[in-house]
Every structure is written in structure tokens, then in C-alpha cells.
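>>> how does the following fold in three dimensions:
(one chain, ligands or ions: 3)
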Amino acid sequence: MSTRTVVRGGLVVTASDEIHADVLIEDGRIAALAATGTPAAEAFTADRVLDARGKYVLPGGVDVHTHMELPFGGTSASDTFETGTRAAAWGGTTTIVDFAVQTKGQSLREGLDAWHAKAEGNCAIDYGFHMIVSDVREETLKEMDLLVEEGVTSFKQFMAYPGVFYSDDGQILRAMQRAAGNGALVMMHAENGIAIDVLVEQALARGETAPRYHGEVRKALLEAEATHRAIRLAQVAGAPLYVVHVSAAEAVAELTRARDEGLPVFGETCPQYLFLSTDNLAEPDFEGAKYVCSTPLRPREHQAALWRGLRGNDLQVVSTDHCPFCFAGQKELGRGDFSKIPNGLPGVENRMDLLHQAVLDGHIGRRRWVEIACATPARMFGLYPKKGTLAPGSDADLVIYDPAAEQVVSAETHHMNVDYSAYEGRRLTGRVETVLSRGELVVNRREFTGRKGHGVYLPRSTCQYLS
Ligand SMILES: NC(=O)NCCC(=O)O
Ligand SMILES: [Zn+2]
Ligand SMILES: [Zn+2]
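Ligands and ions are numbered 1, 2, ... in the order given. This next block holds a predicted model:
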């Protein structure tokens, strides 16, 4: 028998509206909303009442860039689908879209099946997949059509990491042409990896081995150049483009220019680029390795351009690129050679709170917070309005958020399977109190009540942000 739940008295915040409303949940979906105190709301009857007075009621966060269990640099990301989705739920995220990987010589099918096997039965929240394409062949292109039909509607290509995930311009153009035909969205890791590898070799030859050199060789200009090239390749192919983990002001400028020209070009940034900088990469005693990711952290001055991009909609999404590696035994692989430090930062648990802090700090408004963290990612990747909003018929993925609670971020208290926090000691105002996924309580007043296997696979439609 299904439970009827009513969430009473909170300020319901969506991308478009803010209203004090009661939310009725039935059969895992939002059944109705009614302004608090009105006869319509008083008429809601339920088996379970959740008191949200003084709190926000938000759609669950949608994080469209995670890498659970990703093999990288001779090791694997330390969060499994079980630990990573549990941590996501603690942080108010109720949907992830993770990246399945096609390695060289593999078919897309083999890569996708392997990721289904990792995730199935293990997730605490719902999940979908993008597909990383690292081997563009005729068969691969044909397979893209099949994957789109079964709900994998976005494909990531890399202009970086030669010899691993890298595609050359011809391979990129071919995949984009295919995407133009089948409705898929190409996601681009835009850095000139060939040039970067030259600079890496030269830096190491000069004895520049510390983590901070990772930031120096992966130059903002090489991100901007690749961003420009990806935009023009997409234009030639007649395909839309989504640039992932944008960190450089110069890359934002390329996106702005393309959007001013009316091109269907979109950009994502991540909390690490908004809140951290090359100062972290320069931390002594190899501590900077904790902050090695690609694109890299930039000098603090770049942050203003990212916030401006988010406010002006030249950047549409904030996701985490959650790709955790423990400091002990994993980041340490790069002692004496920064190029061997596995790339990636933990953050799936921190995104909603960091962005709430950005609201308090005046960078973005409250509805924009929900838009960039919930609604737009859902629309961009074909999950809306099932996910990303609170409307009749939507999945009851809902967060009761306490905007006044104080917290200090720490690895001692976080739930990600990683031995450090990129935000250690940071004081934040606001905290997730209660989380529902399809009407089931996964976090109840700061206690985990979810279960492995509750999360289901989400086939997705094509991008809904274009229309
Ligand atoms: N971003 C990063 O450093 N690691 C994950 C792989 C990627 O997104 O490029
Ligand atoms: Zn990437
Ligand atoms: Zn990534």
C-alpha cells in the first residue's frame, strides 16, 4: 500500500516560483501543491506529515557530472555507486548522471553494460548514464543511434588526455555530425591535450614536479582555444554543444560570443572553480595534489567571470565532476611527478550547500540556485519535469532545507568515501535536513534512512533545453 505524505508549511522554491505551500505526495509522485493555510491545503490528508515550517522545500538536486568507480591514472575513483549515491543523498542530490566509458577497442555497448553492472542494485538515488566515446569508428557512430533510442542521449568527447580518452578533430566532427542526426548532445572536455602534453614534458624536464605545475601547464588559453574549436566544429556539424567543467574566464568569453551569435552552445562549471583556486594547488607538502583536476583550478580572478556567466546564463549548469581519489595511496601516486596525480575532486555531497552559500553571498538568487542545480540539468539531459522541479506528476524527489543551520565542512563528518575534503574547515550557512526520493525518506532529520538498491536507472529523452 502506498504512503501518502504531506510536507507542510515550507517555502517551496523552484526555478520559477517561491510560495509557502503544502506538498502532497502519493505513489512516489507529487500529487498536488496548495498555498499553506488555504482550504485546499487543509484538505490534504496523509499517513505521514513532515513539518517544513521555517525551511525551504526544494526539488532534489540533479548532478549531471559524476564519475563513480572511474578507472583513471592506474587507480579508480574511490566512491562506488553505493557510497557515492549515499553521499549525494546526504547533500540533497537525488539524481546523478554518471559517465559510462568506452575504452579503446571496445564497443559502446560493452562500455555501457559494464557501467550498468557497477550501478544496478547499488544506488540509493536514481541514476542515468552519459557515454564517454574514446574510439570513434564507423560502428561506434552507428551504435550512438541505438544508445539514444535506449535513453543514453549524451556523449562526452575529450580534446585532452592523448592516448586515453582523446579524440582528434576529425573524430569529433564525425561524432557531432551523428549527434546532429540523432538528437544527442555532445559534451566536450575542452582542453588542447596535445599542446598540454608538450608543456608537461618540458616542465618535468626543468624539474617542475610539484602539484602547482599541473595548473601552470594546463593554460587558460589552451582551454579557450579548445572551447573555440569545439564550438566551431559543432557549428559546422549543425549540432548543439555542452562544454563541461568550464574554469577559465577566456573559455566563458568563447561561450558568450557563440551564444551572442545565436548558437546552441551551453556551458557547465563546478563548485571547485567557483570556490577554490591555484592557491590551493600551491599548498605545501604535496597537499596541492588534493586539488588536481582537469580543467585545473585557476587564479582567483577567473571566479568573477564564472559567476557572471552563471548570472547571465552563458553558463547554465553547476555539476560536481565528482571524481574522488584518496590522498593516501592515490593522489600520492604523483609524488615527484604531477602528471601522475589522478585527476579529480570529491564534491557530490557539497554542491547544494556551496551554492546556497553563494545565494547568501549575493552571487546568485535563490531561484537561480534551483535552476542551475536542479531544473536546467534535468532539462538539458532529458529528465524534466520528472526530475528538477516540484509540480503535480513530478517524482517526489524533495529536499527540506534548513537555510539557517550552520555547518563546518570536514572529511571527519562527510559521507563520501575519500580521506579529505576539498572544503575542509569551510563554514557554511544552510544544510539539508530531510530528503525524499520518489516519496521514500532517504535522509530523515539528518539520519540516513535510505537503502542501496532503491535508486533506479533513468532512460532519458534528448535535450529539452533547445526548444
Ligand atoms: N575532471 C577530472 O579531473 N577528472 C575526471 C575526468 C574528467 O571529467 O575529465
Ligand atoms: Zn573532463
Ligand atoms: Zn568529469
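>>> which ones are touching the single nearest residue of the stretch 351-467 of the chain relative to ligand 1?
Ligand 1 sits closest to Ala422 of the stretch 351-467 of the chain, with a gap of 11.9 Å, by C-beta to the nearest ligand atom. No exception for glycine: its C-beta is placed from N, CA and C like everyone else's. Contact analysis of Ala422 by C-beta atoms under 8 Å, 6 or more residues apart in numbering lists Gln272, Leu276, Asn280, Lys290, Tyr291, Leu345, Pro346, Gly347, Asn350.
>>> give me the number of residues near the fifth one?
Put plainly, it is Tyr291. 26 (other C-beta atoms under 10 Å).
>>> quick one: it and Leu345 touch, right?
Yes. Taking C-beta atoms under 8 Å as the definition, Tyr291 is a contact partner of Leu345 at 6.8 Å.
>>> list residues touching both of these two?
Gln272, Ala422.
>>> who touches the residue lying closest to Pro459 once chain neighbours are set aside in this structure?
By the measure of C-beta to C-beta, 6 or more residues apart in numbering, the closest residue to Pro459 outside its immediate chain neighbours is Gly151, 2.4 Å from it. Gly151 is in contact with Gly128, Gly382, Leu458, Pro459, Arg460, Ser461, counting by C-beta under 8 Å, 6+ apart.
>>> now the last one: phi and psi?
Dihedral angles of Ser461 (phi, psi; degrees, to the nearest 10) stand at phi -80, psi 180.
>>> hmm, Gly382 and it touching each other?
Yes. Assessed by C-beta under 8 Å, Ser461 is found in contact with Gly382 at 3.6 Å.
>>> so between the two, which is more surrounded?
Applying other C-beta under 10 Å to Ser461 and Gly382 shows that Gly382 carries more neighbours, namely 24 against 14.
>>> so where does that one fall, helix or strand?
Gly382 belongs to no helix or strand when assigned by DSSP states H and E.
>>> surely it and Arg460 touch.
Yes. Gly382 is within contact range of Arg460, at 3.7 Å (criterion: C-beta under 8 Å).
>>> which residues do those two both contact?
With C-beta under 8 Å, 6+ apart, Gly382 and Arg460 have common neighbours Gly151, Thr153.
>>> ok, is stretch 130-140 in contact with ligand 1 or not?
No. Interface with ligand 1: stretch 130-140 contributes nothing (C-beta under 6 Å from any ligand atom), its closest point being 8.8 Å away.
>>> start to end distance for that stretch?
Counting by C-alpha to C-alpha, to the nearest Å, you get 15 Å between the two ends of stretch 130-140.
>>> before we move on, the earlier item: can you check the pLDDT for the residue of the stretch 351-467 of the chain closest to ligand 1?
pLDDT for Ala422: 98.
>>> give me the phi and psi for the closest residue to Arg109 other than its chain neighbours.
Sequence neighbours aside, Glu143 is the residue nearest to Arg109 in space, at 6.3 Å (criterion: C-beta to C-beta, 6+ apart). Glu143 adopts backbone torsions of phi -60, psi -30, taken as degrees, to the nearest 10.
>>> for Lys387, helix, strand, or coil?
Recorded secondary structure, Lys387: coil (DSSP: H, G, I helix; E, B strand; the rest coil).
>>> Val292 and Gln106, how far apart?
27 Å (C-beta to C-beta, to the nearest Å).
>>> show me which of those two is the more surrounded one.
For Val292 and Gln106, the more surrounded residue by other C-beta under 10 Å is Val292, and the numbers stand at 27 against 15.
>>> quick one: residues contacting that one.
Pro211, His214, Leu281, Lys331, Gly334, Phe338, Ile341, Pro342, Asn343, Gly344.
>>> quick one: the strands in the stretch 1-150 of the chain?
Ranges of strands within the stretch 1-150 of the chain are 5-13, 18-26, 29-35, 48-51, 56-59, 61-66, 71-72, 75-76, 93-101, 126-132, based on DSSP state E, counting those that start in this stretch.
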